[in-house]
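A.B. asks: Build me a structure from this.
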Amino acid sequence: DKHRVWPRRLGIIVLAGLGGLVLISGLLMWGFWAKHHNEPEVIGVSFSQVQAERYGSDWKANYLALLDELKFRHIRIAAYWDRLEPKPGEYDYSELDWMAAEATKRGSKLTIVVGQKTLRYPECYYPTWLDRNNTAKVSDQAKQMTINVVQHFRGNTTVEAWQVENEFLLHSFGECPARNLNRKQLKAEVDIVRTQDPGKPIVLTQSDQFGFPFFGPFGDRFGLSMYRWAYNKNYGYFRYPQPGAYNWLKASWIEALTGQRIFIHELQAEAWGKTGNEYLPLSEQAKTMSPEQFRDNVQYARDTQIRRFDLWGAEWWYWLKTAKGDSAMWDEAKKLLGS
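C.D. replies: Got it, this is the predicted structure:
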């Protein structure tokens, strides 16, 4: 009878669809591994002078230690809008120029994050002269600022890539008016960078641990964040459950469907507690990060088959070493890099 036939047919169709999806996923994962497994592993790092200052560190000394002691050769830095354009149309490149010059001396390469949303909480560093709630004005000024930054560094070979915004479409974290963070604005900024400096790759990033960004806009490289232990005000400390193979699957699909090269733009290597680490007792920090957890996170990243990952937490390691007399995390990074 037809009342029994259709549910069976529907079940067969669903099972066939799931089977096809599993087969395609397996083929994509194998293809991703085959394409990348012989590539050299590249380990970079993010650095924020803002975060270093929050710890009371000398941020220039922190930056130089990353270059000279740990010998990082790929560093991601941010063009903080409030520090860069303290007055409308008046730009101060002293910090970025200094970091670029020091990297050049050592043969290191920089990725510069430009836009409204950059590194570290509160994420959006709007200048005091700009009304952040005036979306049209923010949009226009952000485009102008992006043009200025890209033109300033366009001929600098130390800058290996441009990251346009940071986790721009994530509205649940940071202090940014959500209406300012939309696909239209992101596409406009990507187009600006591509026009102003067509020779350098464009990086886009995502923080959502579970999303598949198939709707664009697209750059040349796409960064996934990977955090293992975190804190949420509703349920306290928790561990993200997905295995490294999930991110291998995710990377395979994104690369196949969008043509973007996948890397890990933030691999957790610092504590994540209920407040900033500069205010958090060391015993609390140890709940989410330690040298052992650092090693585990690195292995987790390697399990994804993604060959480039940038570490997150260099300001914290330096602060622990110089202000707290604990060099364990710094030494772990040194061991990882063979420096």
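
A.B. asks: For L119, give me its contacts.
C.D. replies: Residues near L119 by C-beta atoms under 8 Å, 6 or more residues apart in numbering: S46, S48, V50, Q51, R76, I77, A78, V113, N166. C-beta here means a position set from N, CA and C on the backbone, and glycine is covered the same way.

A.B. asks: Which of the three states applies to the residue nearest the centre of the chain?
C.D. replies: What sits nearest the mean C-alpha location of the chain, by C-alpha atoms, centre = their mean, is H265, with 3.5 Å. Secondary structure for H265, judged by DSSP: H, G, I helix; E, B strand; the rest coil, is strand.

A.B. asks: excluding its backbone neighbours, what's nearest it?
C.D. replies: Leaving aside its sequence neighbours, H265 sits nearest to G223 (C-beta to C-beta, 6 or more residues apart in numbering; 2.8 Å).

A.B. asks: helix/strand/coil for that neighbour?
C.D. replies: Taking three-state DSSP, the label given to G223 is strand.

A.B. asks: from memory it sits against I202, does it?
C.D. replies: No - in this structure, G223 is not within contact of I202 by C-beta atoms under 8 Å, at 11.4 Å.

A.B. asks: Give me the common contacts of those two.
C.D. replies: Contacts common to G223 and I202, judged by C-beta under 8 Å, 6+ apart, are Q163.

A.B. asks: Mind checking which of these two has more residues around it?
C.D. replies: Higher neighbour count among G223 and I202: G223, with 27 against 22, using other C-beta atoms under 10 Å.

A.B. asks: what about that one, distance to K287?
C.D. replies: According to C-beta to C-beta, to the nearest Å, G223 and K287 sit 26 Å apart.

A.B. asks: What count of nearby residues applies to L204?
C.D. replies: 25.

A.B. asks: and the host helix or strand of it, what does it pack onto?
C.D. replies: Assigned by DSSP states H and E, L204 belongs to strand 202-206. Judged by 3 or more C-beta pairs under 8 Å, 6 or more residues apart in numbering; DSSP states H and E, the packing partners of strand 202-206 are strand 159-164, helix 183-196, strand 221-226, strand 261-268.

A.B. asks: ok, which stretches of the protein are strands?
C.D. replies: Under the criterion DSSP state E, strands of the chain are mapped to 42-46, 74-78, 109-114, 159-164, 202-206, 221-226, 229-232, 236-239, 261-268, 308-312.

A.B. asks: quick one: average pLDDT of the third one?
C.D. replies: Model confidence over strand 109-114 averages 98 on the pLDDT scale.

A.B. asks: Quick one, grab the pLDDT at A323.
C.D. replies: Per-residue pLDDT puts A323 at 98.

A.B. asks: picking that back up, what's near enough to touch the residue nearest to H265?
C.D. replies: Applying C-beta under 8 Å, 6+ apart to G223 gives the contacts Q163, V203, L204, T205, Q206, I262, F263, I264, H265, E266, D310.

A.B. asks: 7 Å - rerun?
C.D. replies: Applying C-beta atoms under 7 Å, 6 or more residues apart in numbering to G223 gives the contacts V203, T205, F263, I264, H265.

A.B. asks: Do you know the pLDDT at the residue nearest to T104 when sequence neighbours are not counted?
C.D. replies: Computed as C-beta to C-beta, 6+ apart, the closest residue to T104 that is not its neighbour in sequence is T158, at 4.6 Å. According to the prediction, T158 has pLDDT 98.
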